[in-house]
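In: mind folding the following:
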Amino acid sequence: MNLYEAIFVRKSVRSYSFETLSPQILDKIMDHYSEMPALFSGIGTEMAILDNRKGQEKMLSLLSVKAPYYLAFYSEESERYLMNAGYIMEQMVLYLCSIGLGTCFLGSNRVKKNELEKNGKKLVGLVAFGKSHGSHTRKQTEAKRLPLEELCVYKEVPRQWMTQILEAARLAPSSMNSQPWRFVVYDNRIHIFSKKHSVEKLKKWDEVNFGIMFANMMVVAEEAWVDVDLIRLGDISQKNFPNNQYVLSAILKA
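Out: Down below sits the predicted model:
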């Protein structure tokens, strides 16, 4: 299984075996992180593996998913750093799925005090992982997501590979399964909007959510050998939309 295939079958795993992973697998995980592209260049990030096989991460185990290991993601604070972090986190989650490990994004950042920062970078996200009890995958049809018809406004008929990019975006995980994204679709471009929330807690995680979704889109684009530019268009960003907020546009070049 590669990252592209993992998008369509990965599920959130909340029950784990506390089987020890070999040092070679843990090294492969760190090596994969070091080779991953970021969404925005120039934002310093780091990743650490937290060992919970003996219950060292008590706060995480009490308040969230109890797992043998956690990935801790750290970032410098700058514009769109949370979106960048979400982009990196999703790529790691897809990689872990591709090598047979279960994963779950965590909403809690309750860790030991000395794990809140790493080399001056702030803890921005956690992912539980390890060998799962039962399958770490599911059928694509089992994903509880809104259909594309409810997420998209089609201005033109999209090309075949663009439909696959939209399907990958649709399947992206989000906090509380909020699915905040909405798409205006043309032949060679997608304008991406965020649905405005009345719940403040959901707003906080939207940048992370969108980073996760953009990772899915870019993985599919790479699989299809399609170049994609994620840019913010000034003429759209200056407009006021009552129910949605403009985020970015994906300009696709076959």
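In: how about Val208, secondary structure?
Out: helix (DSSP: H, G, I helix; E, B strand; the rest coil).
In: that one contacts Tyr87, correct?
Out: No - in this structure, Val208 is not within contact of Tyr87 by Cβ atoms under 8 Å, at 9.1 Å. The C-beta positions use only the backbone N, C-alpha and C, and glycine is treated the same way.
In: so between the two, which is more surrounded?
Out: Neighbours per residue (other Cβ atoms under 10 Å) separate Val208 from Tyr87, with Tyr87 holding more: 26 against 23.
In: list phi and psi for the more buried one.
Out: Main-chain dihedrals, Tyr87, degrees, to the nearest 10: phi -60, psi -40.
In: likewise for Cys104?
Out: According to degrees, to the nearest 10, Cys104 has phi -150, psi 120.
In: next, the contact list for it, please.
Out: 12-14, 65, 67, 127-129 (Cβ atoms under 8 Å, 6 or more residues apart in numbering).
In: restricted to strands, list the residues you listed.
Out: Within the contacts of Cys104, residues falling in strands by DSSP state E are 127-129.
In: can I get those residues in a markdown table with distance to Lys144?
Out: Output for the ones in strands among the contacts of Cys104, formatted as a markdown table (distance: Cβ to Cβ, whole Å):
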| residue | distance to Lys144 |
| --- | --- |
| Val127 | 20 |
| Ala128 | 20 |
| Phe129 | 22 |
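In: what packs against the helix or strand encompassing Leu50?
Out: Taking DSSP states H and E as the definition, Leu50 sits inside strand 45-51. Judged by 3 or more Cβ pairs under 8 Å, 6 or more residues apart in numbering; DSSP states H and E, strand 45-51 is in contact with helix 23-35, strand 69-75, helix 81-98, strand 121-130.
In: could you redo the last one with a cut-off of 10 Å?
Out: helix 23-35, strand 69-75, helix 81-98, strand 117-118, strand 121-130 (3 or more Cβ pairs under 10 Å, 6 or more residues apart in numbering; DSSP states H and E).
In: run a quick neighbour tally on Glu142.
Out: Residues near Glu142, counting by other Cβ under 10 Å: 9.
In: same thing with Ala85?
Out: 25.
In: Gly125 is in contact with that one, correct?
Out: Yes - judged on Cβ atoms under 10 Å, Ala85 makes contact with Gly125 at a distance of 5.6 Å.
In: what residues do the two have in common as contacts?
Out: Jointly contacting Ala85 and Gly125 under the rule Cβ atoms under 10 Å, 6 or more residues apart in numbering are 73-75, 208, 211-212.
In: what's the closest of those residues to Arg170?
Out: Ile212 (12.3 Å; Cβ to Cβ).
In: which residues does Gln179 contact?
Out: 144-146, 150-151, 169-173, 195, 209, 213.
In: can you lay out those as a markdown table showing secondary structure and distance to Leu233?
Out: Below are the contacts of Gln179 laid out as a markdown table (DSSP: H, G, I helix; E, B strand; the rest coil; distance: Cβ to Cβ, whole Å):
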| residue | secondary structure | distance to Leu233 |
| --- | --- | --- |
| Lys144 | coil | 32 |
| Arg145 | coil | 27 |
| Leu146 | coil | 25 |
| Glu150 | helix | 24 |
| Leu151 | helix | 20 |
| Ala169 | helix | 18 |
| Arg170 | helix | 22 |
| Leu171 | coil | 26 |
| Ala172 | coil | 22 |
| Pro173 | coil | 27 |
| Lys195 | strand | 19 |
| Asn209 | helix | 21 |
| Met213 | helix | 18 |
